[in-house]
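Enquirer: Whatever this is, show me its structure:
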Amino acid sequence: MATPRVFVVRHGETEWSLSGKHTSVTDIPLTADGEKRVKATGQALVGDDRLIVPKKIAHVYVSPRKRAQRTFELLNLGIAGPLPWKVHGEKPPDGSHSCDARVEVTEDIREWDYGEYEGITSPEIRKIRAKKGLPEDWDIWRDGCVGGESPEDVTRRVDRLIKEIREKWHAPVIGKSKSEEQPPGDVLIVAHGHILRAFAMRWVGKSLQDGPALLLEAGGVGILSYEHHNINEPAILLGGAFVVSPEK
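Expert: Coordinates of the predicted model:
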């Protein structure tokens with residue numbers, strides 16, 4: 001039985017992710033270490049006998065921000081067609097991978113709009129709120145961002161993307177037996193920390209106000225799927241194994 005997956009990839013390290021500054025619309029590049037780590041992730045996780053199998057990817061969604069797009073470039077999936085942006089750095093050498101999926105840039109997976117909190121850390125946000133007479137126990141999942149997006153705003157756009165993924169890419173393949181001809185069904189998303197954590201919460205039907213105790217490190221990879229090969233039982237896949245073909 002085929003159970004499609006969604007791989008969620010947070011962009012690699014930037015100077016602001018290192019310092020804890022909230023980064024949404026500010027488009028800063030990956031650090032040199034960030035680039036190295038993403039390359040290493042691609043080498044370790046991408047391949048016909050690895051966790052992310054390029055030929056099984058049906059579609060790729062990428063944030064409009066350059067740091068996410070550069071991260072996708074460095075994963076080096078072997079995309080056959082042109083990318084919908086001009087390459088942001090040195091092109092990785094062609095590998096042995098081949099992926100026919102189309103790459104789509106979508107606003108639905110851009111980072112949470114931090115509004116007045118752009119470029120500052122959580123402790124700084126709490127100090128600013130105190131000076132304005134606002135509660136200091138600020139929590140983005142409950143309170144959102146002044147001048148930016150609320151949890152309800154974010155919920156609407158990630159729900160829209162989840163609906164599209166399930167209807168367009170997963171429903172046609174989920175539950176089919178191995179004997180049936182299967183189109184690719186996995187989806188890859190490359191985006192940002194807060195929005196991907198929100199996406200994961202909504203994937204399993206939790207409200208953002210529930211407060212996700214979920215972490216996704218810079219350059220990290222998470223996996224979402226379904227229980228019992230059932231599209232009505234979405235789940236977070238805590239650990240996925242590499243694909244190993246049986247010996248003939």
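
Enquirer: what are the bridge partners for the residue nearest to residue 237 when sequence neighbours are not counted, then?
Expert: Nearest non-adjacent residue to residue 237, counting by Cβ to Cβ, 6 or more residues apart in numbering: residue 223, 4.0 Å away. Placement of C-beta: from N, CA and C, glycine included. Beta bridges link residue 223 to residue 7, judged by DSSP bridges.

Enquirer: could you say what helices and strands the host helix or strand of residue 153 packs with?
Expert: Assigned by DSSP states H and E, residue 153 belongs to helix 151-164. Using 3 or more Cβ pairs under 8 Å, 6 or more residues apart in numbering; DSSP states H and E, the elements in contact with helix 151-164 are helix 140-143, helix 193-203.

Enquirer: Can you show me the CA trace of that helix as CSV?
Expert: The C-alpha coordinates for helix 151-164 follow below in CSV (Å, rounded to 0.1, in the frame of the first residue of the first chain):
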residue,chain,number,x,y,z
PRO,A,151,-2.8,32.9,14.1
GLU,A,152,-6.1,32.9,12.2
ASP,A,153,-4.4,34.5,9.2
VAL,A,154,-1.7,31.9,9.1
THR,A,155,-4.2,29.1,9.6
ARG,A,156,-6.2,30.2,6.6
ARG,A,157,-3.3,30.0,4.2
VAL,A,158,-1.7,26.8,5.4
ASP,A,159,-5.1,25.1,5.4
ARG,A,160,-5.5,26.2,1.8
LEU,A,161,-2.2,24.5,0.9
ILE,A,162,-2.9,21.4,2.9
LYS,A,163,-6.2,21.0,1.0
GLU,A,164,-4.5,21.4,-2.3
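
Enquirer: Need the contact partners of that helix.
Expert: Contact with helix 151-164 is made by 61, 106-109, 112-113, 140-142, 144, 195, 198-199, 202-203, 207-209, as judged by Cβ atoms under 8 Å, 6 or more residues apart in numbering.

Enquirer: how far is it from where the chain is centred?
Expert: 14 Å (Cα atoms, centre = their mean, to the nearest Å).

Enquirer: Ok, stretch 115-124 next?
Expert: That offset, for stretch 115-124, works out to 22 Å (Cα atoms, centre = their mean).

Enquirer: Ok, stretch 187-196 next?
Expert: With Cα atoms, centre = their mean, you get 2 Å for stretch 187-196.

Enquirer: Count residues in the vicinity of the nearest residue to residue 101 once chain neighbours are set aside, would you?
Expert: Nearest residue to residue 101, sequence neighbours excluded (Cβ to Cβ, 6+ apart): residue 57, at 4.3 Å. When neighbours are defined as other Cβ atoms under 10 Å, residue 57 has 26 of them.
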